[in-house]
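J.: after the sequence you'll find the predicted model.
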Amino acid sequence: MLNLQQLQHCFHHPKQPGQSTQLSFDLSVEAGDIVALVGPSGAGKSTLLAMVAGFLTPDSGTLTVNGQSISQLHPAKRPLSILFQEHNLFPHLSVYENIGLGLSPALKLTHDQKEQVVVAAAKVGLQSYLDRLPEQLSGGQRQRVALARCLIRQRPLLLLDEPFSALDPALRKEMLELVRKLAREQGTTVLMVTHSPEDALKIADKCAFIYQGKVKVFGPCQEVLTLPSDPALQHYLGH
């Protein structure tokens, strides 16, 4: 379970001296749930993800995963993986090596770990591309490599920061379905930032509407996005 209680951060506007925005998040996510974070630009979706990942230090509040506080942990030590819009692959390393980095930064893999890499590549449909370099792959294939590298780490939490927004609609749908399938298989909890309510409905169990630095609405995705009662949410959805 992921639990945020009064996780607060004061954001100072660099172009408006003396102006600041207070963000405060309360959110409790059950283990294995896929949760979409939706809301207008600047509402705080990426800030929330950055605090969970450890890239941004909150001013106050608590952050726990499976009952254990992770607020003081370095980003690399947190029990999570994160997939960005930019796949962050190493151009001089093969598909096999890029996936293997998820298990060993030095690529000193045991026999069992080498088998895990092959299995992970097969799960994302890249078993015949293991020797290729990233430049020899399509954009969708590169994101599959990055996804395999995340999932092979077997962390309980996966953060998605709009990783498929640059892909065409058919490929984006395919990748979302793949994430949902693999997350279900591993029991991974997923927190996904998206600007697309349609993407949220395709993959998410729950949906959090982020507005003016707070979780304004939270509940079953279908209910939140198809039967909105909150005026701000209705406006965001164009109702």
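T.: Good, I have the coordinates.

J.: identify each buried residue in the helix or strand hosting E185, please.
T.: Using DSSP states H and E, E185 sits in helix 169-186. Neighbour counts over helix 169-186 (16 or more other Cβ atoms under 10 Å) mark L171, R172, K173, E174, M175, L176, L178, V179, R180, L182, A183, Q186 as buried. C-beta coordinates here come from the backbone N, C-alpha and C atoms, glycine included.

J.: if I look at the second one, how far off is C10?
T.: Taking Cβ to Cβ, to the nearest Å as the measure, R172 and C10 are separated by 35 Å.

J.: and this structure, what are its domains?
T.: Taking automatic domain parsing as the domain assignment, the ranges for the chain are 2-79+156-237, 89-154.

J.: pick out the shakiest of these, pLDDT-wise.
T.: Mean pLDDT is lowest for domain 2-79+156-237 out of these, coming in at a mean of 90.

J.: for A208, name its beta-bridge partners.
T.: When assigned by DSSP bridges, A208 has beta-bridge partners L37, F218.

J.: wait, doesn't it sit right on L27?
T.: Yes - taking Cβ atoms under 8 Å as the definition, A208 is a contact partner of L27 at 6.1 Å.

J.: neighbour count for those two, which is higher?
T.: A208 (26 against 20; other Cβ atoms under 10 Å).

J.: strands along this structure, start to end?
T.: Listed in chain order, the strands of the chain (DSSP state E) span 2-12, 20-29, 34-38, 60-65, 68-69, 80-84, 157-161, 189-193, 206-211, 214-220.

J.: export those strands to TSV and tack on distance to G238?
T.: What follows is those, written out as TSV (distance: least, Cβ to Cβ, whole Å):
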stretch	distance to G238
strand 2-12	27
strand 20-29	25
strand 34-38	13
strand 60-65	33
strand 68-69	40
strand 80-84	28
strand 157-161	24
strand 189-193	20
strand 206-211	14
strand 214-220	16
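
J.: out of these, nearest to V119?
T.: strand 80-84 (16.8 Å; Cβ to Cβ).

J.: alpha carbons of that closest one, as CSV, please.
T.: Extracted C-alpha coordinates of strand 80-84, given in CSV (Å, rounded to 0.1, in the frame of the first residue of the first chain):
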residue,chain,number,x,y,z
LEU,A,80,9.9,1.8,-6.8
SER,A,81,10.7,2.1,-10.5
ILE,A,82,9.9,5.0,-12.7
LEU,A,83,9.2,5.2,-16.4
PHE,A,84,9.6,8.6,-18.1
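
J.: show me what counts as buried in it.
T.: In strand 80-84, counting by 16+ other Cβ under 10 Å, buried: L80, S81, I82, L83.

J.: now the second one. Nearest residue, chain neighbours left out?
T.: Take S81 and drop its neighbours on the chain: the residue closest to it by Cβ to Cβ, 6 or more residues apart in numbering is C150, 3.8 Å away.

J.: contacts only, for that neighbour.
T.: S81, I82, L83, G102, L158 (Cβ atoms under 8 Å, 6 or more residues apart in numbering).

J.: what is the burial count for the closest residue in space to the third one that isn't next to it in sequence?
T.: If I follow you right, that is L83. Ranked by Cβ to Cβ, 6+ apart and with sequence neighbours excluded, the top spatial neighbour of L83 is P163, at 4.4 Å. A count of neighbours around P163, defined by other Cβ under 10 Å, yields 25.

J.: please consider this matter closed, and thank you.
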